[in-house]
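[1] need the 3D shape of this:
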Amino acid sequence: MKIISSEKMENCFDGDFVFKYIFDAGWTREDIIRMEAWGSLRYYESFPRPMFQVTCSDGTIIKGVQNDPACRIIFPRATPAAARENFEARFGELSVL
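    Just a heads-up that it's a prediction; the model follows:
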């Protein structure tokens, strides 16, 4: 998976820190499981549309749905720019696995 685009989410309570990322493929079960290396993973595989949430050690929260090529990312208020750079760099490393 590779990041195709990202956009700031409008009309969100924390709008300055919430972004939608679009990828070139949908989230697979394997992609979701690999995200556990980033922090605390909650994966609701039994849901009709399996969803996941990862809370990273820097406070970044990643939310998505299996097979959907997008996800919502909430960056921490204290360091949103640094957290965003960190996410994009780490995701690049994850996608080559």
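[2] SS state for Glu36?
    helix (DSSP: H, G, I helix; E, B strand; the rest coil).
[3] who's in contact with it?
    By Cβ atoms under 8 Å, 6 or more residues apart in numbering, the residues touching Glu36 are Val54. Heads up, the C-betas are built off the backbone N, CA and C, glycines and all.
[4] what segments of this structure are helices?
    29-34, 80-95 (DSSP state H).
[5] how close does the one residue sitting closest to the centre of the chain get to Phe91?
    Centroid-nearest residue in the chain: Ile62, 3.4 Å away (criterion: Cα atoms, centre = their mean). From Ile62 across to Phe91, the span is 9 Å (Cβ to Cβ, to the nearest Å).
[6] least reliable of the helices of the chain going by mean pLDDT?
    Lowest mean pLDDT within the helices of the chain: helix 80-95, a mean of 81.
[7] does Phe91 touch Ile3 like I think?
    Yes - counting by Cβ atoms under 8 Å, Ile3 is a contact partner of Phe91 at 6.4 Å.
[8] please consider this matter closed, and thank you.
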